[in-house]
Structures are given as C-alpha cells and as structure tokens.
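Enquirer: What follows is a predicted structure for the sequence shown.
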Amino acid sequence: MNYYSSAEWRRLSRQTKKRDCYQCQVCGDREGDPHTVLNAHHIIPRAKGGPDTLDNLITLCDLCHAVVTPRWLKPWFPDAVKNDREGLERVRVEYLEFLALDPATRLERQAKVWETFGIRRAQSALIQSFSSAPMICSTSASTPASDFAASLSAKVGENSTTSSNVI
Ligand SMILES: [Zn+2]
C-alpha cells in the first residue's frame, strides 16, 4: 500500500498540522484562508532516507509544497517550468534552505517575514512550537498571505500567476 494512504501517515500528518497551528510554515497561510490546502511535508525526503517523524515533518500549503517538491512543479507552474526554469529553481533553493534551518531560527525568521504581511502567529505557538508541551493554537481570524503568493508568482514568472490562483 502507498505510504501516504496509510493510517500511520494520516496520524503523523494530523499531528504535524496541529503542532504547526494549522499554518503553512513558509508563507503563513492558515487553514480556512482562501485557496489554502495544508499538507505535511518531509524536510529530508523519504527517498533520501528522511525519517517519518515529527522532527522531519513540516506543514506547508499547497503552493509552497509545489515549490519544494519537483513533481508538483508541473501542475502548478507549467509556464514557469517551460519558460523560467532557472527562476523556479532559485526560488526552490531559497525555500529548501529555509526549511533546513533549525526550528528555532526558522520560527524567528517566519515571525519577521509574516509580520511584514500583517500575519501574527499566536505567541504561545512561537514559544511552544517544537517542544513536547501541548500546543495552544490561536483561534483568531485568519489572514490570507495573498501578497506573498503574488510575489512568489512574480518571482517564478508572470505567466504562472493564473495557474497559482487555481485550485
Ligand atoms: Zn505556504
């Protein structure tokens, strides 16, 4: 059976999203934001021996997931794949470097980046994330990070704007 259909994966995926307060750990989009679908993602890919543990999993929205996962590039950015492969690759490297940071540094950077988009993560989440303590997630209204999505689309080529807005 495909691992991603297994009960174990469903459980891990649920736990990852809960720990990350149902928020994309790159752009800050939250569950419930327009067009946002959250996925758990292996930081070190399974194919490269990355373990199926919470430490190696991170919550990403569909769009950010598409950037870090080569096989998702085509459906999301067909024009960029054809016309601006290099631009796409630069964005990809940037994302992968960010994901490889240690969790504390990553959280610090996220908080700064998200603030520029007016997104504030619950203070409790910042403090408790990646600790073994139970998470208390923010229940405040979600704020779409559409500016980020727009700047990302601009980065990977303006032709991809249309596809990145379609789910
Ligand atoms: Zn995202």
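Expert: Right, received. Where do you want to start?
Enquirer: now Glu31, nearest residue through space, not along the chain?
Expert: Tyr22 (4.0 Å; Cβ to Cβ, 6 or more residues apart in numbering). In this view, the C-beta of every residue, glycine as well, is placed from N, C-alpha and C.
Enquirer: Contacts only, for the one you found.
Expert: Tyr22 makes contact with 30-32, 38, 59, 137 under the criterion Cβ atoms under 8 Å, 6 or more residues apart in numbering.
Enquirer: wait, which of those is closest to Asp102?
Expert: Nearest to Asp102 among the contacts of Tyr22, counting by Cβ to Cβ, is Thr59 at 17.0 Å.
Enquirer: So Arg19 sits against Leu54, correct?
Expert: Yes - contact criterion Cβ atoms under 8 Å: Arg19 and Leu54 qualify, at 6.5 Å.
Enquirer: burial of the closest residue in space to Gln15 that isn't next to it in sequence, as a residue count?
Expert: Once flanking residues are discounted, Gln15 sits nearest to Leu54: 6.1 Å by Cβ to Cβ, 6+ apart. Neighbour count of Leu54, defined by other Cβ atoms under 10 Å: 15.
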